[in-house]
Structures are given as C-alpha cells and as structure tokens.
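1. Okay, sequence plus prediction incoming.
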There are 2 protein chains.
Amino acid sequence: MIDTLSIVGVGLLGASIGLAARKRRLARHVLGVGRDPATLERAASRGAIDSACNLQEAARRSQLVVVCTPVDTVAEYVEKIALHCAAHTHITDVGSTKAAIVHRLQGLPFVGSHPLAGSEKRGAEHADAELFQDKMTVVTPTAVTPADAVEAIAAFWRALGARVKLMDPEAHDRALALTSHLPHLTAAALAGILPPELHELTATGFRDTTRVAAGHPSLWTGIFAQNRAATLDALHRLSAQLERYRVALETGDWAALDALLTHAKKVRDALAS
Amino acid sequence: MIDTLSIVGVGLLGASIGLAARKRRLARHVLGVGRDPATLERAASRGAIDSACNLQEAARRSQLVVVCTPVDTVAEYVEKIALHCAAHTHITDVGSTKAAIVHRLQGLPFVGSHPLAGSEKRGAEHADAELFQDKMTVVTPTAVTPADAVEAIAAFWRALGARVKLMDPEAHDRALALTSHLPHLTAAALAGILPPELHELTATGFRDTTRVAAGHPSLWTGIFAQNRAATLDALHRLSAQLERYRVALETGDWAALDALLTHAKKVRDALAS
C-alpha cells in the first residue's frame, strides 16, 4: 500500500482506476486532478477519488501518478508532474499510443502503460472497479527505464487485477494499429457509408461491427495522429486483404472466397467471445 | 391459427420459428423437415417441432411452409414443395438474399422473406421463441405476387413479434449488401490479417468489430455468390471511404479525419446499441 495515488483525468479509465485502487486498498488517499469541477465531483460521488486538488499538489504528495487524459496531452501533464514530484514518485499513463509519448518523456520518472480495457462509453458514471480484472495491460519500458520503476508500474496493474505484458513502445504501436486503431477506422468507415434510409435495416451484425465508431472523434483523431505510420501500414494490409475478396467476388472464385472466410473464422473462433 | 406449419431446416432460425409459432399458438401442428435426424431430434427435444417428416408429406399437409436452408438451396426446396402442396399453401423462406431466389420462383406460391435476426451462432440449441420480437422482417413481393399471399406472409411474421417492411427483391439485396454483407466481409478481412502473436492484444473493440466473422463460411459464400453485384458495389464504396481516411492520415489533415469520425459517430449513435 502506498500513501497517496493521484489520477489526472477522472473519466471512464481514471475513475475505474480510482475505484479499483480504493476497493483493493492500494493507497491510503486517492486524489483526482481535472479541469472540470463537475467531472471531479462525479468521480468523488462515485467513490473513485477521496478529494480533488491541483496538479502541483498531486505531484508533490503522490508516490504514484496515473495520467488518464487524451494521448495528445499526456506528455505535457507528465512533464509538469515531473517538475514537482518527489524523487521516488512513479508516473504512468493509460494512453492507446506509446512511442510518441514515451520518447518525448525519456529520462523522466515515467513508464508508459496501456490497459486494453477501453470502451466507447465515457465518464466516471460508467466507471467499474473490475474494469481491469483479467484484462491485458501493456507496459512499455525503453532501454533506459530503471527496472524498479518498471516493476512498480507492473505491480500496480497486477494489483488492479490485470495481466501485464512488457513491450517496447514501437512494437506496442504496431500491434495496436492492427488490433484496435485499424478496427476503429474500419468501423467508422462502415458507419460513414450507411445512408439514413437504411438505418432500419441494420441488425446485430452491423451494430457489433460498427460499435466502436461511437467513440469520441477527437480522442481518436489524437490516437491516429500519434500512430500514423503504423495505422497507414495496417490500412494498407487491410486494403490488400479486401482486394483478395474483391477479386474472388469479381471472378466468381467461390473456393477462394470460402478459404478466406474459413481462415477468418478460425482466427475469430480462437478469440474469446 | 392454421392447422399445419412446416419448417424445412431446423437450425437457429427454423427452430426459433417453431418455438415462436408454438408459443403463440399459430399452428396446431409444427412439422420439421431436414436431412440430419440428430438435428431434427434436437429441434423436437427443444419443443421447436412436434414431429419430423419428409418434404413431400410436409408439403401436402401444410398451409404454410417456411424454408430455412442456406440461400443456395432455398429455390430447389421451394420448387419441390410447390409440386406437392395444396392450392392455397403459402411458402416463404428466411434467406439473406432475395433477388436470385425470388426471380427463379416467379409464378410459384412463394413470397420471399428475410428476418433480420441472424446470429453467428448456429443450431436449434440456440433457438429462441423471442428471436423475432421487435426485429425487422423484410418481405419481398414482385409485381406479380398475389396480394393475399403477401398479406398472409406479413401477418405470419407480425404474429411472431416482428415488424414487417415490404421491399422489392433488388432493393433488399442492395440494402443488405451495405447493412450486412459488406460488414461481414470487412469483419472477416480484419480477422484474416491478425497475426497469431497478436491475439492476446485484442480487446472488446476488436472482438465486437470481427464478431460476425465467426459465421459459417459456406453459408456466407452462398450469400456473397447470390448478391455479388451489390456486394461489389458496396465494397467499392467502402474502399472509397477508406481512401478518404488514408489521405487524411497521409497528409496529416486532422480536421478532415475528425470530420469523418464525427459523421461516423453520428450515424452509429442513431442506431440502437
């Protein structure tokens, strides 16, 4: 147990961390930092934080600070925290991209994290103390990250119930481009070409396939901007795969189409529902 | 209430029709027809059919026959049923494509139907008497379909709890290419490019987006084969949309990317969860 944990940004993920940490008694005090008093109030009333304070006070008082803000603002918050925190304070984040953030923060007491536990839902009102239970969290040290810092951050996520995998930031970003950023882009593209008069002809298949497109546009623009090269590469791979489907359809090569669908089913069946 | 309803093919949809019809007392007898005795036995033990018989007997005894087989076999079953059924027997189906089936069966006592209530699950063991409740069923008459036949089929679906929309078969196929067939193809393409080592880095977003790819390959090959032109057209529209995303990423046009994502969110938010 640490004395004080601070959470910067108490939306869905931040508030869930607060709930989980308090439930598991990982910190005596959980402080929340945010620009919007109403958001902090909601997090406090949900029991996700004990109280709110400003960034400087949170930095000074905490042994661990978790930055849960949009990816394009994480590095700036961490830099400010690092100016005011004690020598042994650890800082981490929950951003969906890692390379840009981690490299800008090289040399600061920061270890990047990405819990794979997001949702198209937002806000402390959807926070869940079990959000991280049995979920994967990727922790992304570099060659110069101190081992004790990596271990402290990994232990924190494990204490919240998560499984932890260490990856280098670039490998994380390439992987997540395929497992998250490209699926998001594709879901949005499918939703984007649906004419209004066909809304009533959608069923669970369309709704599942496009669900993530309800995610917040500016959060996702930030993610795509930070993981541009890997997302473009993933999009290129998808286009090549779609071209295989197109050729099979165009030429009536039903054996080829069946083989593509059979491989896809095998991959999908191997994942949890 | 009719005297005898027959269901040809007692998988998920067929068995759900049987359960729903018996629960709502729409028929005194529900007969099941199928090639696999074990499947018929499962449907009977679920209470989806009263008994099994062959196609000829079912045709002779029924006032309504619903063909729930893969789309590439529907027309052949209907032709056989039409040879043996009484003058006022109605025949319908549940196929995901309509134009090819309906046009081949022009002049027979057949009205095409498509309940938008599928699932990647299969088999009578997943059957559900409420599967059609508040779901849309598209009924696809042509210019020469008798009005009383259309009304009988529409009334049947409404009695199962469904909402009914009449569309011409080609309009149905063009619409479903965008709302179902293209999303299926895209989900399969996304699943198909996932390397095995990244399975552990998938979360709910990937799983939602690719869920339908677990559907049965040969059923879907049949659907794509019957709706080839409209699926190719839908795929062309998706490729054009993905190209807009690619250009925005490539050129760093974050305002354009945000606008694409904002439009997609608006469409997705307008659909039920």
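-> Yep, that arrived.
2. Residue A:224 and residue A:96, how far apart?
-> Separation of residue A:224 from residue A:96 (CB to CB, to the nearest Å): 10 Å. To be clear about C-beta, it is placed using only N, CA and C from the backbone, and glycine gets the same treatment.
3. got a list of what the closest residue to residue A:258 other than its chain neighbours touches?
-> Among residues not flanking residue A:258 along the chain, residue B:221 sits closest, at 4.6 Å (CB to CB, 6 or more residues apart in numbering or on different chains). If a contact means CB atoms under 8 Å, 6 or more residues apart in numbering or on different chains, then residue B:221 has A:254, A:257-258, A:261 as its contacts.
4. And the next helix or strand past the helix or strand harbouring residue B:221?
-> Remark: residue B:221 resides in helix B:217-226, with elements defined by DSSP states H and E. Later in the chain than helix B:217-226, the nearest helix or strand by DSSP H and E is helix B:228-251.
5. Dump that next one to CSV, restricted to CA.
-> Written as CSV, here are the backbone C-alpha positions of helix B:228-251 (Å, rounded to 0.1, in the frame of the first residue of the first chain):
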residue,chain,number,x,y,z
ARG,B,228,-22.3,-10.5,-55.9
ALA,B,229,-23.0,-7.3,-57.8
ALA,B,230,-24.4,-5.4,-54.9
THR,B,231,-21.6,-6.6,-52.6
LEU,B,232,-19.0,-5.5,-55.1
ASP,B,233,-20.7,-2.1,-55.3
ALA,B,234,-20.7,-1.8,-51.5
LEU,B,235,-17.1,-2.9,-51.3
HIS,B,236,-16.3,-0.2,-53.9
ARG,B,237,-18.0,2.4,-51.6
LEU,B,238,-16.1,1.2,-48.6
SER,B,239,-12.8,1.4,-50.5
ALA,B,240,-13.5,4.9,-51.5
GLN,B,241,-14.3,5.8,-47.8
LEU,B,242,-11.1,4.1,-46.6
GLU,B,243,-9.2,6.1,-49.2
ARG,B,244,-10.5,9.3,-47.6
TYR,B,245,-9.2,8.1,-44.2
ARG,B,246,-5.8,7.2,-45.9
VAL,B,247,-5.4,10.6,-47.5
ALA,B,248,-6.3,12.4,-44.2
LEU,B,249,-3.7,10.3,-42.4
GLU,B,250,-1.1,10.6,-45.1
THR,B,251,-1.4,14.3,-45.3
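6. I would like the residues contacting the following helix or strand past that helix, please.
-> Per DSSP H and E, the first helix or strand lying C-terminal to helix B:228-251 is helix B:254-269. Residues outside helix B:254-269 that contact it (CB under 8 Å, 6+ apart): A:187-189, A:191-192, A:194, A:199, A:210-211, A:213-218, A:220-221, A:224-225, B:241, B:244-245, B:247-249.
7. Check the offset of helix B:254-269 from the chain's centre.
-> Distance, stretch centre to chain centre, for helix B:254-269: 30 Å (CA atoms, centre = their mean, to the nearest Å).
8. Report the buried residues of that helix.
-> B:254, B:256-258, B:260-265, B:267-268 (16 or more other CB atoms under 10 Å in any protein chain shown).
9. Report the angle between that helix and helix A:217-226.
-> When axes from the mean of the first three to the mean of the last three CA atoms, to 10 degrees is applied, the directions of helix B:254-269 and helix A:217-226 differ by 130 degrees.
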